[in-house]
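> Test case, fold it:
(one chain, ligands or ions: 2)
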Amino acid sequence: MATANKNLSHYDKNTIPNAKDFRFGIVVSEWNDTITEGLYEGAYQTLTDHDVAPSNIIRFDVPGSFELIYGSKKMQQQQVDAVIAIGSVIQGETKHFDFVCEAVSQGIKDLNIQVDIPVIFCVLTDNTLQQAIDRSGGKHGNKGTEAAIAAIKMAALRKNCNS
Ligand SMILES: Nc1c(NC[C@H](O)[C@H](O)[C@H](O)CO)[nH]c(=O)[nH]c1=O
Ligand SMILES: CC(=O)[C@@H](O)COP(=O)(O)O
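Ligands and ions are numbered 1, 2, ... in the order given. Below is the predicted model of the structure:
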């Protein structure tokens, strides 16, 4: 189902595990910061809406989405229950978009395999700035909200499996 048919901010509150005792790390790319700050606000607000204490939300800033890989690896070492990697990659004139998107998706996938701390892929990969605006608090909702819900669910899954 395309994002156009599913608002990123809509979810059933009754299906979300208790997040009060979890600790989350959020790694934020500075490229396209008007977009990534919108994603961060969506994620942060959703976590606090689910009783996560502000003191249990740790933030790292990195230059671009490619650096989300290293930043998320270091965040996994910060005694967190899940990591959210936030970025916005927008198609330019060259193939650089393809290489950045592929590297980041593969790198974050690898972190989920290598370390028992889930890393949520909250990276927009858009053709245009308008598509990014629409998905970071615009008409299609906020992918940061979606990512925060995924982080809560995965932290709960990890806790249940490891207990
Ligand atoms: N063009 C975008 C980039 N490019 C920068 C890379 O992510 C990286 O920081 C650089 O290649 C140095 O290693 N990054 C984004 O997040 N979004 C873009 O649209
Ligand atoms: C995703 C990118 O790296 C891209 O926005 C850079 O733009 P360009 O391909 O025009 O150099």
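> Who are the packing partners of whichever strand or helix holds Thr145?
Thr145 belongs to helix 143-162 when assigned by DSSP states H and E. On a contact count with 3 or more Cβ pairs under 8 Å, 6 or more residues apart in numbering; DSSP states H and E, helix 143-162 meets strand 24-29, helix 33-49, strand 82-90, strand 119-126, strand 136-138. (Glycine included, C-beta is placed from N, CA and C.)
> Show residues contacting it.
Contact with helix 143-162 is made by 8-9, 11, 16-19, 22, 24, 38-47, 50, 81-84, 86, 116-118, 120-122, 124, 135-137, as judged by Cβ atoms under 8 Å, 6 or more residues apart in numbering.
> In this structure, where is pLDDT below threshold?
Within the chain, the set of residues satisfying pLDDT under 70 comprises 1.
> dump the residue contacts of the spatially most central residue of it.
Among the residues of the chain, the one closest to the centroid is Cys122, at 3.1 Å (Cα atoms, centre = their mean). Listed by Cβ under 8 Å, 6+ apart, the contact set of Cys122 reads 39, 43, 84-87, 143-144, 146-147.
> ok, now Gln91?
With contact taken as Cβ under 8 Å, 6+ apart, Gln91 is in contact with 97, 126-128.
> The same query, at a cut-off of 6 Å, please.
By Cβ atoms under 6 Å, 6 or more residues apart in numbering, the contact list for Gln91 reads 97, 127.
> Could you report the distance from it to Ile149?
Distance of Gln91 to Ile149, given as Cβ to Cβ, to the nearest Å: 27 Å.
> The residue in the chain positioned nearest to ligand 1: neighbour count?
Using Cβ to the nearest ligand atom, the single residue of the chain nearest to ligand 1 is Gly64, 2.1 Å away. Close neighbours of Gly64, defined as other Cβ atoms under 10 Å, add up to 15.
> now do Lys139
Lys139, neighbours per other Cβ under 10 Å, totals 10.
> Specify the angle between the helix holding Thr145 and strand 24-29 in degrees.
Between helix 143-162 and strand 24-29, the angle comes out at 140 degrees (axes from the mean of the first three to the mean of the last three Cα atoms, to 10 degrees).
> and helix 143-162, which residues are buried?
143-156, 158 (16 or more other Cβ atoms under 10 Å).
> and the two most separated of those?
Lys143 and Arg158 (21.7 Å; Cβ to Cβ).
> Distance check, the residue in the chain positioned nearest to ligand 2 against His140.
Closest contact between the chain and ligand 2, by Cβ to the nearest ligand atom, is at Gly92 (2.2 Å). Using Cβ to Cβ, we find Gly92 at a distance of 22 Å from His140.
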